[in-house]
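Trainee: Here's my sequence, what's the structure:
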Amino acid sequence: MSADCIFCKIVAGTVPSTKVYEDSEIIAFMDIGPVVKGHTLVVPKKHCDPITGVPPELLQKLILVVQKIAKAHFAGLGAQGLHVTQANGKLAGQIVPHVHFHLIPRFESEGPQRNWVPGKYASNEEMSQYGKKIRDAIR
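Mentor: Coordinates of the predicted model:
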């Protein structure tokens, strides 16, 4: 737990939330500043940040809960689409430094939604260079 973390306070019960799911390791609750009504956050109870700091077993359980909540968005809210996002660091738009997934239901009445503007590489060679850097870091 982190004393300054709003999500840790929600986990501890010292800050109220509208929970939709909870087990011994994970909690899911409604976002108080929803992009769309139904916007849900899925959060590990253990304070972890960034995603690379989450123990693999916990990350596996976390993504299974994300899938469970996604199914509930389709079945319970009638969502026709769903954004699942996860940011790491301020430059990526992360506001609360505690790993979490946003599940944002999308509805036909909103029209198509896109959360980024596609760019392009200067050449296939440039794309290959970026790919090489990633492959080399995996090894």
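Trainee: Just the buried positions in the single longest helix found in the chain, please.
Mentor: Longest helix of the chain, by residue count under DSSP state H: helix 56-77. For helix 56-77, burial by neighbour count (16 or more other CB atoms under 10 Å) applies to Leu58, Leu59, Lys61, Leu62, Val65, Val66, Ile69, Ala70, Ala72, His73. For glycine as for every other residue, the C-beta is placed from the backbone atoms N, C-alpha and C.
Trainee: Do I have it right that the fifth one meets Ala28?
Mentor: Yes: at 6.3 Å, Val65 counts as touching Ala28 under the criterion of CB atoms under 8 Å.
Trainee: Now the common contact residues for those two.
Mentor: Jointly contacting Val65 and Ala28 under the rule CB atoms under 8 Å, 6 or more residues apart in numbering are Tyr21, Val42.
Trainee: Can you name the element that comes right after the longest helix of the chain?
Mentor: Moving toward the C-terminus from helix 56-77, the next helix or strand (DSSP states H and E) is strand 81-85.
Trainee: from the chain's centre, how far out does that next one sit?
Mentor: Centre-to-centre, strand 81-85 and its host chain are 9 Å apart (CA atoms, centre = their mean, to the nearest Å).
Trainee: cool, stretch 76-95 as well?
Mentor: Mean-position distance between stretch 76-95 and its chain equals 5 Å (CA atoms, centre = their mean).
Trainee: Which other helices and strands does the longest helix of the chain contact?
Mentor: With contacts taken as 3 or more CB pairs under 8 Å, 6 or more residues apart in numbering; DSSP states H and E, helix 56-77 sits against strand 19-22, strand 26-30, strand 40-44, strand 81-85, strand 101-106.
Trainee: Please identify the most buried of those strands.
Mentor: Mean neighbours per residue, mean count of other CB atoms under 10 Å, is largest over the helices and strands packed on helix 56-77 for strand 40-44, with a mean of 24.
Trainee: quick one: average pLDDT of that one?
Mentor: For strand 40-44, mean pLDDT rounds to 97.
Trainee: low-confidence ranges in this structure?
Mentor: Along the chain, the model assigns pLDDT under 70 to residues 115-116.
Trainee: what bridges to the residue nearest the centre of it?
Mentor: The residue lying closest to the centre of the chain (CA atoms, centre = their mean) is Phe101, at 1.6 Å. Beta bridges link Phe101 to Val42 when assigned by DSSP bridges.
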